[in-house]
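[1] give me coordinates for this.
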Amino acid sequence: MNVLKPLQVLQFSPNNPIGFLHHQLIDKLGSYRVITPENIDLIESDAPMILLGSPQSVNDRHLDWLRITRKKVEQAIEMDTPIFGICFGAQLIANVLGSAVVNVDPEFGWYPVRDTESQTEITAFQWHEQGFQCPSSAQELFSGTTQAICQGFKYQRSIATQFHCEVDQMTIQKWVQNLKNEGLKSHIETQTNDYLHSSQQLGLSLMSRWLDLNGLRPLHKTQARFERFPKKG
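    So this is what the prediction gives:
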């Protein structure tokens, strides 16, 4: 990997931002680039990347941006480029590594997961209808407690979580607004007050682990910023 290349954050949907982790990335790296489906061909397979969530399925092979992204992720894994995947991003990495992404019992809200290293249970924010088993070549970091799916893994220089370790209050509020079940809305809002802080502490810890694992540091001293590629045309 060319360590001089900046971090890429692949945001596949306007409603799936990097969330509160933006502040950590700016603090640690000084800057990063955001790539969206409109400019997906700008992905560089030899530059570190974060793959965020998406309402789409990794099985939607008819989507041009997904075909391009998958090819770049395949190349990145072959080159041992550091990748951090969240939800859809984790599913895409797992799928490239050979795990099928299948329909599971939908999980919307706060659910317990097991930290396989410490054998402790934590509560994490979930928003998915599909899942996967841990790739055979990867180390499982988190497992499900309500159903037998992988909740997080490490592969070489990459880390991925099925749960959303990046969400902030604003993102959760936007997602919850689309739910038709008023009881579930209220339940999630109440639990968010209880669990969001510890969830964000876990997110900071995982991101720090990934950054440190790969020696990712500022490319040069510069004013804190992030760069969104301009749309084509």
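
[2] all contacts plus neighbour counts: C-alpha atoms, from now on.
    Fine.

[3] find the centremost residue of the chain, please.
    Nearest to the geometric centre of the chain sits Ile86, at 1.7 Å (Cα atoms, centre = their mean).

[4] that one bridge partners, please.
    Counting by DSSP bridges, Ile86 is bridged to Thr161.

[5] thought it was touching Cys165?
    Yes - Ile86 is in contact with Cys165 according to Cα atoms under 8 Å; the separation is 7.4 Å.

[6] after the helix or strand that contains Tyr111 comes which helix or strand?
    Assigned by DSSP states H and E, Tyr111 belongs to strand 102-115. Using DSSP H and E, the helix or strand that directly follows strand 102-115 along the chain is strand 120-131.

[7] what's next to that next one, contact-wise?
    Contact with strand 120-131 is made by 57, 87, 91, 101-115, 149-150, 162-165, 195, 199, as judged by Cα atoms under 8 Å, 6 or more residues apart in numbering.

[8] would you pull up how far that strand lies from the middle of the chain?
    12 Å (Cα atoms, centre = their mean, to the nearest Å).

[9] stretch 41-50 too?
    15 Å.

[10] repeat that for stretch 128-139.
    13 Å.

[11] and the end-to-end length of it?
    Start and end residues of stretch 128-139 are separated by 22 Å (Cα to Cα, to the nearest Å).

[12] and that stretch, what's buried?
    By neighbour count on 16 or more other Cα atoms under 10 Å, the buried set for stretch 128-139 is 128, 130-135, 138-139.

[13] tell me the buried residues in the helix or strand containing Ser199?
    Using DSSP H and E, Ser199 maps to helix 182-213. Buried residues in helix 182-213, defined by neighbour count with 16+ other Cα under 10 Å: 185, 188-189, 192, 196, 199-200, 202-204, 206-208, 210-211.
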